[in-house]
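J.: Model the structure of this input:
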Amino acid sequence: MLDSERTSLAQSELLRFITAGSVDDGKSTLIGRLLHDSKSIFEDQLTSITHTTRKRGSEGVDLSLLTDGLQAEREQGITIDVAYRYFATPRRKFIIADTPGHEQYTRNMVTGASTANLAVILIDARKGVLTQSRRHAFLASLVGIPHLVVAINKMDLVEFSQSVFESICDEFAVFAQKLDLRNVTYIPMSALHGDMVVERGDRLDWYQGVTLMSLLETLSIEDDINREDFRFPVQWVCRPHMPELHDFRGYMGRIESGSIKVGDHVKVLPSGLSSRIKEIRVYEGALAEAFAPQSVTLTIEDQLDISRGDMLTKAEETPRVTKNFDAMLCWLSEQSLDLGRKYLIKQSTRIAKVIIDQVGYRVDVNTLVHEDVSVLKMNDIARVTLKVQLNLVCDDYARNRATGCFIVIDENTNNTVAAGMIMPT
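T.: From the prediction side, this is the model:
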C-alpha cells in the first residue's frame with residue numbers, strides 16, 4: 001500500500017470511545033483537555049466556558065464544561081447523561097461518549113458503550129480502585145468493548161508517585177483477569193494540568209508508555225469487526241419503477257461482518273434458499289468485492305423470495321437460526337419487566353413478537369454477585385431466556401457484536417425498554 005493510501009485510510013478511520021469514572025474523577029475535564037490541547041474547539045466555545053467559569057467564582061478555564069452540555073448538569077456539577085462530542089486530528093476522527101458514573105445511570109453507560117471501540121476508565125490516584133471502577137470494567141466487558149484504558153488521574157495530588165501508580169495497576173489487573181479483559185493499557189495522568197493527555201509533560205518522566213492521545217491515534221481497530229463471518233441483513237428490496245430496469249431486483253443493506261465477492265455462493269436465512277452473487281453495487285458503480293461495514297446493493301443469479309429481515313450469509317457458514325435463546329439483558333425502562341407479556345424484539349433488521357420467559361439471575365453490578373429475582377427494574381442487568389414468535393438469525397455476542405445484539409420494544413408505547421446480548425447456548 002502506498003504512503004498516500006495509508007494516510008487516506010487513517011484520516012477516514014473513525015474511533016468511538018467512552019469515558020467512565022466515579023464522581024469527581026475528572027471525566028469531563030479529561031475530555032475537555034483532549035479537545036483543548038488538540039485544538040479541536042472554537043474560539044466562541046472557549047469564550048463561553050471561560051465566562052461560565054468566572055460566574056462560578058473560579059479562575060482559569062473549567063474544561064469540564066465542554067462536555068457537560070446540559071444546564072441541569074452544570075448546575076449540579078455532575079454528569080447525568082451521555083454527552084457526545086466529535087473531533088478530529090490529522091490522523092483520525094473521533095466520537096467521544098462521556099458517560100455518567102452513578103449506578104442509577106447504568107443504562108446510560110451501556111447505551112454509550114454499545115458501539116465503542118475503546119473505554120477509558122478513570123481512577124482517582126488518591127482513592128485507588130473503587131467499587132465503581134470495578135462496575136465500569138464489568139460493563140465494558142459485558143458489552144464487549146475490545147480495548148480498555150485505565151487512566152489513573154490526579155497524579156499531581158499524589159506527587160506523581162510511581163509506587164502509587166503501580167499499586168493501582170496491580171490491583172486493577174487482578175480484577176481485569178477475572179473478567180477476561182486482555183487489551184488493557186495503564187496511563188498515569190493529570191487531566192487538570194495536561195500531563196500524559198495530549199502532551200507528555202515533564203513530571204512523569206518515569207513513565208515510558210504512550211500518552212492517551214497517541215494511543216487513540218495509533219490504536220489498531222481493524223480487528224474489532226468480525227472479518228470472517230459474512231453477515232448481510234437485508235434492509236430494503238430495491239425495485240426501481242423505470243422501464244429500463246423493470247427486471248432489476250437488488251437487496252440493500254450494510255455488511256455487518258465479513259466480506260463478499262461476485263460469484264460467491266450465498267444462503268438466504270431463515271429460509272435456507274441459496275444462490276450466487278451476481279453484482280455488488282454502490283453509488284459510484286460496481287465492485288468485485290465488498291467488506292464490512294460497507295453499505296451496498298447485492299443482486300443474485302436466481303429469483304428468490306427475499307424480504308427485509310432476511311439475512312444473506314456464505315453457504316458454508318452456519319449462524320444460529322432459533323426462536324429461543326439466552327441473553328444478558330439491561331433493563332432500560334422505568335416500568336418494570338412484566339414476565340410473560342408480549343414485547344417486540346428488533347435484532348438486526350428483523351422485528352418479531354417476543355416473551356421474556358424467565359429470569360435466570362440478576363447481576364449486582366457492584367459486587368458481580370448473582371441474585372435470584374423475578375422482576376427487573378430500571379438499570380438491572382440479568383441473564384434471561386427469551387421466546388420469539390419468528391426465527392432469528394443470530395450469533396453469540398462475543399463472536400459478532402452486530403448480529404449478537406438486540407433491543408426490546410414496548411409495542412404499546414414504542415419505547416425501547418431493554419437492550420440485550422445473545423449468549424452461548
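J.: Would you map the strands across the stretch 201-350 of the chain?
T.: For the stretch 201-350 of the chain, strands defined by DSSP state E, counting those that start in this stretch occupy the ranges 232-233, 236-238, 250-254, 259-261, 265-269, 273-282, 285-287, 289-291, 295-300, 311-314, 320-331, 342-347, 350-363.
J.: Of these, give the one that comes closest to Tyr105.
T.: strand 320-331 (11.8 Å; Cβ to Cβ). Yep, even glycine has a C-beta here, placed from its N, CA and C like the rest.
J.: What are the buried residues along the closest one?
T.: Arg320, Phe325, Asp326, Ala327, Met328, Leu329, Cys330, Trp331 (16 or more other Cβ atoms under 10 Å).
J.: and the closest residue to Thr89 other than its chain neighbours, how many neighbours?
T.: Excluding the flanking residues, the one nearest Thr89 by Cβ to Cβ, 6 or more residues apart in numbering is Ser38, at 5.7 Å. Neighbours of Ser38 under the rule other Cβ atoms under 10 Å: 18.
J.: same deal with Arg281?
T.: 17.
J.: so what's the backbone phi/psi at the closest residue to Asn391 other than its chain neighbours?
T.: Excluding the flanking residues, the one nearest Asn391 by Cβ to Cβ, 6+ apart is Pro270, at 4.1 Å. Dihedral angles of Pro270 (phi, psi; degrees, to the nearest 10) stand at phi -90, psi 0.
J.: distance of Pro270 from Asp170?
T.: Using Cβ to Cβ, to the nearest Å, Pro270 is found at 49 Å from Asp170.
J.: For burial, what's the neighbour tally of the residue nearest to Asn391?
T.: By the criterion of other Cβ under 10 Å, Pro270 has 17 neighbours.
J.: Hmm, Asp395 and Phe325 touching each other?
T.: No - between Phe325 and Asp395 there is no contact, the gap being 10.7 Å when judged by Cβ atoms under 8 Å.
J.: what residues do the two have in common as contacts?
T.: Counting by Cβ atoms under 8 Å, 6 or more residues apart in numbering, the contacts common to Phe325 and Asp395 are Ile422.
J.: Can you dump the C-alpha atoms of stretch 234-243 in CSV for me?
T.: The C-alpha coordinates for stretch 234-243 follow below in CSV (Å, rounded to 0.1, in the frame of the first residue of the first chain):
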residue,chain,number,x,y,z
VAL,A,234,-31.5,-7.1,4.2
GLN,A,235,-32.8,-3.6,4.9
TRP,A,236,-34.7,-3.0,1.7
VAL,A,237,-35.6,-4.7,-1.6
CYS,A,238,-34.9,-2.3,-4.5
ARG,A,239,-37.4,-2.5,-7.4
PRO,A,240,-37.0,0.7,-9.4
HIS,A,241,-40.1,2.0,-11.3
MET,A,242,-38.2,2.5,-14.5
PRO,A,243,-38.9,0.8,-17.8
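J.: Can you report how many residues lie near the closest residue in space to Arg281 that isn't next to it in sequence?
T.: Closest residue to Arg281 apart from its sequence neighbours, by Cβ to Cβ, 6+ apart: Thr297 at 4.4 Å. When neighbours are counted by other Cβ under 10 Å, Thr297 registers 18.
J.: Repeat that for Asp357.
T.: Here the count is done by other Cβ under 10 Å, and Asp357 has 13 residues near it.
J.: Pretty sure it sits against Tyr343.
T.: No - counting by Cβ under 8 Å, Tyr343 is not a contact partner of Asp357; they are 11.6 Å apart.
J.: before we move on, back to that, go through the strands of the stretch 201-350 of the chain and name the closest to Leu179.
T.: When the strands of the stretch 201-350 of the chain are compared by Cβ to Cβ, strand 350-363 sits nearest Leu179, at 12.0 Å.
J.: I'm done for today, thanks for sticking with me.
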